[in-house]
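**Q** From the sequence below, what's the structure:
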Amino acid sequence: MFLVSYVGDRFLFDCKFDDELDDYPDTYRVFLMPSDAELDLEGSWEHLSDVAMQYLGEVRVSAINFDESRRSTIGTEVLKDLVKRKAA
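**A** Predicted structure coming up:
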């Protein structure tokens, strides 16, 4: 699970362990989140998606291109698509 800020929006990428699969799914569930001021990021993030403003769909884990040096950024291709989904 991770958060990304992009062009004024904040997105939550959630990929929780699936007990039935006994593995992680191959997709992230993506949510549009409130601003920083409205999020409490202290403690567990287990229910963070409960405060989402909008569910935007799923993105394949393989579609996420992390920054190789620190894994602190991702490629913008996926984010551009999410902004379009938000507007739809």
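**Q** Just list whatever residues bridge to the residue nearest to the spatial centre of the chain.
**A** The residue lying closest to the centre of the chain (C-alpha atoms, centre = their mean) is residue 13, at 1.7 Å. Per DSSP bridges, the residues bridged to residue 13 are residue 2, residue 30.
**Q** cool, and residue 55?
**A** Where residue 55 sits in a bridge, its partners, by DSSP bridges, are residue 31.
**Q** do the same with the one 4 residues further on
**A** Residue 59 has the following beta-bridge partners by DSSP bridges: residue 28.
**Q** Could I get the contacting residues of it?
**A** Contacts for residue 59 (C-beta atoms under 8 Å, 6 or more residues apart in numbering) come out as 13, 27, 28, 30, 78, 81, 82. Just so you know, the C-beta spots here come from the backbone N, C-alpha and C atoms, and that holds for glycine as well.
**Q** circling back: what pLDDT does the residue nearest to the centre of the chain get?
**A** Looking at residue 13, its pLDDT reads 94.
**Q** so it makes contact with residue 6?
**A** No: Residue 13 is not in contact with residue 6 according to C-beta atoms under 8 Å; the separation is 11.6 Å.
**Q** who's sitting farthest from the centroid in this structure?
**A** Per C-alpha atoms, centre = their mean, the most distant residue from the centre of the chain is residue 20 (22.1 Å).
**Q** what about that residue, distance to residue 50?
**A** As judged by C-beta to C-beta, to the nearest Å, residue 20 and residue 50 stand 22 Å apart.
**Q** which stretches of this structure aren't confidently modelled?
**A** Residues of the chain meeting the criterion pLDDT under 70: 37, 70-71, 88.
**Q** quick one, phi psi at the residue farthest from the centre of the chain?
**A** phi -70, psi -40 (degrees, to the nearest 10).
**Q** now swap in residue 82 and tell me
**A** Per-residue torsions, residue 82: phi -70, psi -40 (degrees, to the nearest 10).
**Q** next one: residue 66
**A** The phi/psi pair for residue 66 (degrees, to the nearest 10) is phi -80, psi 150.
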